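Chemist: sequence and computational prediction follow.
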Amino acid sequence: MSARPPLIVVEDLQRAFGDRTALSGVSLSVAAGSICGLIGPDGAGKTTLMRVLCGLLRPDAGRARVLDADCARESARIKAELGYMPQRFSLYGDLSVAENLRFFADLFGVPAAERDRREARLMEFSRLGPFRYRRAGHLSGGMKQKLALCCTLIHTPRVLLLDEPTTGVDPVSRQEFWAILGELREEGLALLVSTPYMDEADRCDMVILLHAGRVIARGTPQAVAAGFPRDLREIVGSPEALTRATSVLRDRGPAGLAVHRFGDRLHVAYDATRDSEAVASLLAPLGVQAVPVAPGIEDVFVELMGREQAVAR
Amino acid sequence: MSIVALPTGGPAVLARGLTKRFGKFTAVDAIDLEVPRGEIFGFLGANGAGKTTAIRMLCGLLKPSAGEACVAGYRVGPESERLKRHIGYMSQRFSLYDDLTVRENVAFFGGVYGLSPRRVDERAAALLPRLDLARDQGRLAGSLPLGYKQRLALGCAMLHKPRVLFLDEPTGGVDPLARRRFWDLIYEQSAAGVTVFVTTHYMDEAEYCGRVSIMAQGRIVALDTPAGLKRGTSRRSMQDVFLAVVGS
Ligand SMILES: Nc1ncnc2c1ncn2[C@@H]1O[C@H](COP(=O)(O)OP(=O)(O)OP(=O)(O)O)[C@@H](O)[C@H]1O
Ligand SMILES: [Mg+2]
């Protein structure tokens, strides 16, 4: 995999807006045939980074290159080979689903046969086929998002930048969308995808966690998850038991303990050698116990962001 | 069949055969619902299933093509104007004014709900600190991070102390930590007796609801507690339940 050429290369990128730092010393590289996931809270710099990469924004310092072209000066040269889906993609509300797709296919100069083949595939994933003739303005929120995705994927660039592409997209379509991204990876594209869904971060080859313009964790999803800095325990029980356990641990638990709901269970982070007994005795009366569990990316995110924000406030 | 206006002890949301057609297309197809007061009800479903359309009917913003509904004790349609004073609605594209400050947005929505300026001050003083927005009062709403915008939109929908809150994808695009903070607020409201009717595409959030319905193509195709849905479909997570029920 490391033999593949890097198609996106960013070195020590800096960018500020007035006195607000948007990017500070960001470096990364994304190889052909791989997906890099960008995660981080709102305002972390994800969108700024994407805008620099597609030449819409000049960095204050550092280098950003896509397909060997300098993003600030040579982006016109690679326009046809770089696909970008901004967070707020504009569709033509008074054009139909099919007309929007045609419009973007023509814009990118996609040959008719190729366009028809892709359109069929995209209509299938998005389940928009039955609504082909509906005005885009009359689609539901998630359907609009999926049409925007289809318009972005109607041509085949070599590098694809997707800024929170699946926000508002239902779980079935999200799964199918990631199957398409998997195919594009096989075709050798380099993809940079930002997402608030941690299960999507898990599907990437590499993950970058941005906070306040800085990279605070990076690596394969497994490596990032393994970087969880404390001991993690899981509590399973009825919703009522979990609610009681949450308040007992928050009110009377050892200092520094963090407790978060993870769907139908609780995840509790603390220093096990120091606090195990205290936690066990708080939980015993509730009839639940804390058992060791392997951390995931979401645990790392919640832990690191919780710390950063505690410091910031 | 006819639903009479219910006394305040009745369910918070009651719908019978609620239907919406756009031309020949049926967006909401005769749905039945009954949500008791104080429940957190998860209104899930595929894209385009009809969730937003159904919510807009329940809020008295869109006229049903057929069927009946009763929300917070008021009949949708004949009593829609009174109904609107007792419910809060946070739309999928929440309608804040980006070029007004946080405090100005609060004042604006207070006016919409017919609150006196003094009452708006009282509610702002009570709500903004709880939403962690007190220090951002003078900031333009458009400059807030998304998680904060969402909390402001929730605050604006709660100014008039509604009995039922309709939240249409309140956490769309929000990071995991901000989503948990938002759910703390939802729990707080529910504990205070407010009924919360919420849509989401995050399946971990489905677990935070008392009961959950799943819609596809205008119909409710599943409705139970999260545990009941998992048991009934022999699936281990709500994500898998959703894929089993909605995926073809
Ligand atoms: N004004 C309209 N004219 C025609 N069709 C409409 C109109 N408004 C909504 N629809 C259609 O009604 C269906 C239901 O839309 P709705 O917005 O209720 O879906 P939703 O369940 O909220 O989806 P999402 O999860 O994507 O938000 C969709 O097929 C949509 O295209
Ligand atoms: Mg909707």
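Modeler: Arrived safely. Computed from a predicted model, the values in this text were never measured in an experiment. Residues are numbered from 1 along each chain as shown, chains lettered A, B, ... in the order given. Ligands and ions are numbered 1, 2, ... in the order given.

Chemist: low pLDDT regions in the chain?
Modeler: Here I'm looking at chain A. Applying pLDDT under 70 to chain A flags the ranges A:1-2, A:310-313.

Chemist: if you could check chain B rather than the one you did, that'd help
Modeler: Counting by pLDDT under 70, the ranges of chain B that qualify are B:1-9, B:94, B:248.

Chemist: next to ligand 2, which bits of chain B? Give me the list.
Modeler: Chain B comes close to ligand 2 at residues B:51-52, B:92, as judged by Cβ under 5 Å from the ion. Every C-beta, even on glycine, is put in place using the N, C-alpha and C of the backbone.

Chemist: can you count the residues close to the closest residue to ligand 2 within chain B?
Modeler: With Cβ to the ion as the measure, B:Thr52 is the residue of chain B nearest to ligand 2, at 3.2 Å. For B:Thr52, the count of nearby residues is 23 (other Cβ atoms under 10 Å in any protein chain shown).

Chemist: surely it touches B:Tyr89?
Modeler: No: taking contacts as Cβ atoms under 8 Å, B:Thr52 lies outside contact range of B:Tyr89: 10.8 Å.

Chemist: overlap of the contact sets of these two?
Modeler: Counting by Cβ atoms under 8 Å, 6 or more residues apart in numbering or on different chains, the shared contacts of B:Thr52 and B:Tyr89 are B:Asp168.

Chemist: can you give me the helices for the chain?
Modeler: You didn't say which chain, so I picked chain A. Secondary structure of chain A by DSSP state H: the helices cover A:46-53, A:97-107, A:112-126, A:141-153, A:171-186, A:198-201, A:221-226, A:239-252, A:272-283, A:297-312.

Chemist: hmm, I had chain B in mind actually
Modeler: Under DSSP H, chain B gives helices at B:51-58, B:80-84, B:102-112, B:117-130, B:146-158, B:176-191, B:203-206, B:226-233, B:238-246.

Chemist: got those as CSV, with distance to A:Thr47 columns?
Modeler: Below are those laid out as CSV (distance: least, Cβ to Cβ, whole Å):
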stretch, distance to A:Thr47
helix B:51-58, 26
helix B:80-84, 36
helix B:102-112, 22
helix B:117-130, 27
helix B:146-158, 11
helix B:176-191, 16
helix B:203-206, 24
helix B:226-233, 34
helix B:238-246, 27
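
Chemist: closest to A:Leu210 out of the ones you listed?
Modeler: helix B:176-191 (13.9 Å; Cβ to Cβ).

Chemist: what's the neighbour count on B:Pro117?
Modeler: By other Cβ under 10 Å, 10 other residues sit near B:Pro117.

Chemist: I should have written A:Arg121 there, sorry.
Modeler: By the criterion of other Cβ under 10 Å, A:Arg121 has 14 neighbours.

Chemist: which residues does it contact?
Modeler: By Cβ under 8 Å, 6+ apart, the residues touching A:Arg121 are A:Ile180.

Chemist: residues in contact with the residue of chain B found nearest chain A?
Modeler: Nearest to chain A in chain B, going by Cβ to the nearest Cβ, is B:Asn47, at a distance of 3.1 Å. By Cβ under 8 Å, 6+ apart, the contact set of B:Asn47 is A:127, A:140-143, A:145-146, A:168-170, A:173.

Chemist: got phi/psi on the residue positioned nearest the centre of chain A?
Modeler: What sits nearest the mean C-alpha location of chain A, by Cα atoms, centre = their mean, is A:Thr195, with 2.1 Å. Main-chain dihedrals, A:Thr195, degrees, to the nearest 10: phi -160, psi 140.

Chemist: list the contacts for it?
Modeler: Under the criterion of Cβ under 8 Å, 6+ apart, the neighbours of A:Thr195 are A:37-39, A:164-166, A:201.

Chemist: list buried residues within those residues.
Modeler: Among the contacts of A:Thr195, those classed as buried by 16 or more other Cβ atoms under 10 Å in any protein chain shown are A:37-39, A:164-166, A:201.

Chemist: and chain B, which of the residues you listed reach it?
Modeler: Among the buried ones among the contacts of A:Thr195, the residues lying close to chain B (Cβ under 8 Å from any Cβ of the partner chain) are A:39, A:164.

Chemist: which non-adjacent residue is nearest B:Leu146?
Modeler: Of all residues not flanking B:Leu146 in the chain, A:Asp42 sits nearest, at 4.3 Å (Cβ to Cβ, 6 or more residues apart in numbering or on different chains).

Chemist: tell me how far that neighbour lies from ligand 1.
Modeler: Going from A:Asp42 to ligand 1 by Cβ to the nearest ligand atom, to the nearest Å gives 21 Å.

Chemist: my guess is that residue contacts B:Leu177. True?
Modeler: No: between A:Asp42 and B:Leu177 there is no contact, the gap being 10.4 Å when judged by Cβ under 8 Å.
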